[in-house]
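Colleague: Quick check, what structure comes out for this input:
(one chain, ligands or ions: 1)
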Amino acid sequence: TYLFNLNAAQVVDACPKGNMSRFANHSDKANCDTKIMTVRGDQHIGLYAKERIGRGEEIFFNYRW
Ligand SMILES: C[S@@+](CC[C@H](N)C(=O)[O-])C[C@H]1O[C@@H](n2cnc3c(N)ncnc32)[C@H](O)[C@@H]1O
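Modeller: Have a look, this model is predicted:
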């Protein structure tokens, strides 16, 4: 699935559409972390690098599968 729990009532479904972040794969040793933030009343998922990521390196975050 391409689902991400935003809060108790909403999920993000990156299947039909989304930005480039929907191509980020899962890893237990992820180089990025997610953070849920509120912008003008709407919740968004931010993807932040945990370490330096070189050009051409794959971006991973932990899906908590
Ligand atoms: C948000 S998408 C990631 C981008 C996807 N790999 C693609 O090419 O469009 C999530 C899906 O990618 C696959 N995936 C993500 N991380 C994976 C991993 N570490 N190993 C195998 N499949 C993975 C799974 O099918 C998952 O449901």
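
Colleague: ok, Cys32 - contacts?
Modeller: By Cβ atoms under 8 Å, 6 or more residues apart in numbering, the contact set of Cys32 is Ala24, Leu47, Tyr48, Ala49, Lys50, Ile53, Ile59, Phe60, Phe61. All C-beta atoms are positioned from the backbone trio N, CA, C, and that covers glycine.

Colleague: Dump the residues you listed into CSV; add secondary structure as well.
Modeller: Listed next are the contacts of Cys32 as CSV, based on DSSP: H, G, I helix; E, B strand; the rest coil:
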residue, secondary structure
Ala24, coil
Leu47, strand
Tyr48, strand
Ala49, strand
Lys50, coil
Ile53, coil
Ile59, coil
Phe60, strand
Phe61, strand
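
Colleague: In PyMOL, select just the buried ones from those.
Modeller: Buried subset of the contacts of Cys32, written as a PyMOL selection, criterion 16 or more other Cβ atoms under 10 Å:
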select buried, resi 24+59+60+61
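
Colleague: Adding distance to Cys32 and pLDDT as columns, could you present the contacts of Cys32 in a markdown table?
Modeller: Shown next, in a markdown table, are these (distance: Cβ to Cβ, whole Å; pLDDT from 0 to 100):
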| residue | distance to Cys32 | pLDDT |
| --- | --- | --- |
| Ala24 | 7 | 94 |
| Leu47 | 5 | 94 |
| Tyr48 | 6 | 97 |
| Ala49 | 6 | 98 |
| Lys50 | 6 | 98 |
| Ile53 | 8 | 98 |
| Ile59 | 6 | 97 |
| Phe60 | 6 | 97 |
| Phe61 | 5 | 95 |
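
Colleague: Looking at the contacts of Cys32, which is nearest the ligand?
Modeller: For the contacts of Cys32, the residue nearest the ligand by Cβ to the nearest ligand atom is Ala24; the value is 6.2 Å.

Colleague: Having no further points to raise, I will conclude here.
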